[in-house]
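Engineer: Next one to model:
(one chain, ligands or ions: 1)
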Amino acid sequence: MNNLTEELKAHPGLSDIYGEASADVEAAADPESLEAVRVKHLGRKSPLLQLLRSIPKLPAEEKPVAGRLGNQVRAALEQALLTRKQELEESQLRERLAAEQVDITLPGEPFPRGHLHLITQTLWEIEDIFIGLGYRIAEGPEVETDYYNFTALNTPEGHPARSSHDTFFIEGHPDVLLRTHTSPVQIRVMEQEDPPVYIIAPGRVYRRDSDATHTPMFHQLEGLAVDENITMADLKGTLEVFVKSMFGAEREIRMRPHFFPFTEPSVEIDVSCMICEGSGCRACKHIGWLEILGAGMVDPNVFGFVDYDTDRVQGFAFGMGIERIAMLKHRMTDLRMFFDNDLRFIKQF
Ligand code: PHE
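Structural biologist: Okay, the predicted model is just below:
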């Protein structure tokens with residue numbers, strides 16, 4: 001292009017056109033004014049085009065030079081326009097990107113993050129303790145038969161213990177019910193497996209009962225250990241380990257005689273009150289102890305239902321309410337709060 005400028009010195013008319021047009025191209029500040037520059041200098045009425053059109057009328061010896069230079073100027077200007085157009089588009093894009101910039105490093109709108117319900121947290125905590133002791137998790141159906149829920153648990157028809165369970169029956173199916181406890185899983189496991197058996201069975205259970213300490217659905221965790229030479233000392237030792245892991249090493253347990261149809265002897269296990277440290281308060285009704293679960297040595301009659309050799313094996317079983325454990329641990333007074341789904345309650349845990 002410098003050569004062109006050099007050569008144009010001998011042709012002031014073309015040189016002026018080229019100089020002016022080049023300056024206008026450089027000066028155009030946006031694509032629209034650049035387009036106006038193109039029309040002005042390369043349009044049909046532009047001095048350059050008029051000049052090119054007049055070449056045929058020039059003297060023969062001037063024609064080739066004028067034609068060549070004129071076309072070179074046109075090509076040079078077209079190239080300059082194209083280059084300028086790209087420059088302008090690029091800078092426009094850069095400006096837009098700068099103006100519309102989004103700071104992706106800003107923290108986003110926080111999305112409310114949930115967590116496990118207190119019942120699940122408590123259940124998992126209990127499961128972890130027993131898994132650590134070598135127990136395995138077993139499950140059974142929530143819709144059960146009379147046989148597994150009562151009969152095979154040494155609770156024959158007409159047994160007074162049945163009426164204390166406030167059972168939901170399935171309409172039209174007198175032998176089908178919502179399980180009132182997790183104990184039927186004991187039978188289902190023993191039917192399938194030979195001793196030794198060390199299982200826990202967590203799950204939902206149902207009773208027709210509703211007040212501050214009862215809901216029609218709640219959760220239990222069953223435990224069953226069957227092996228040779230199992231004694232009540234094993235039961236006590238196991239539950240002591242559980243209670244101390246769950247409520248703290250300072251807690252003591254005690255056994256009180258009780259009755260369950262499927263254990264003999266049967267006990268209720270109390271934990272020393274964690275609120276008054278045993279000296280007596282409202283929570284423990286001034287006794288210093290809180291009831292936490294039922295347990296006992298598996299009644300040989302139960303082994304009879306699953307064909308276990310009662311001369312060879314013994315066992316212990318226990319059953320606890322998850323809600324009750326959670327309430328004691330977190331000093332709650334109303335069981336219904338678990339199921340109200342009030343976030344002000346749920347978020348506290
Ligand atoms: N199934 C009993 C109940 O729901 C608890 C229990 C389980 C007691 C195992 C002894 C042994 O009340």
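Engineer: If we ignore the residues flanking it in sequence, what's nearest Ile137?
Structural biologist: Using C-beta to C-beta, 6 or more residues apart in numbering and skipping residues adjacent in sequence, the residue nearest Ile137 is Ile200, 5.8 Å away. Quick note: C-beta positions are derived from backbone N, CA and C, even for glycine.
Engineer: Same question for Glu89.
Structural biologist: Spatial nearest neighbour of Glu89, chain neighbours left out: Pro31 (6.8 Å); criterion: C-beta to C-beta, 6+ apart.
Engineer: hmm, back to that, for the ligand, see how far away the residue nearest to Ile137 is.
Structural biologist: 11 Å (C-beta to the nearest ligand atom, to the nearest Å).
Engineer: Close to the ligand: what parts of the protein are there?
Structural biologist: Within the chain, the positions adjacent to the ligand are His181, Ser183, Glu222, Phe260, Thr263, Gly294, Ala295, Gly296, Ala317, Phe318, Gly319 by C-beta under 6 Å from any ligand atom.
Engineer: Quick check: phi and psi at the first one.
Structural biologist: Read that as His181. Dihedral angles of His181 (phi, psi; degrees, to the nearest 10) stand at phi -160, psi 170.
Engineer: List the contacts of the closest residue to it other than its chain neighbours.
Structural biologist: Using C-beta to C-beta, 6+ apart and skipping the chain neighbours, the partner closest in space to His181 is Val205 (5.4 Å). Contact partners of Val205, counting by C-beta atoms under 8 Å, 6 or more residues apart in numbering, are Glu142, Leu178, Arg179, Thr180, His181, Thr182, Met217, Phe218, His219, Gln220.
Engineer: Please apply the same query to Arg162.
Structural biologist: By C-beta under 8 Å, 6+ apart, Arg162 lies in contact with Phe150, Thr155.
Engineer: CA atoms only for the helix or strand harbouring it, dumped as CSV, please.
Structural biologist: Using DSSP states H and E, Arg162 falls within helix 160-163. Output in CSV follows, covering the C-alpha atoms of helix 160-163 (Å, rounded to 0.1, in the frame of the first residue of the first chain):
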residue,chain,number,x,y,z
PRO,A,160,-55.1,-61.1,77.4
ALA,A,161,-51.8,-59.6,76.0
ARG,A,162,-53.5,-59.2,72.6
SER,A,163,-56.0,-56.7,73.9
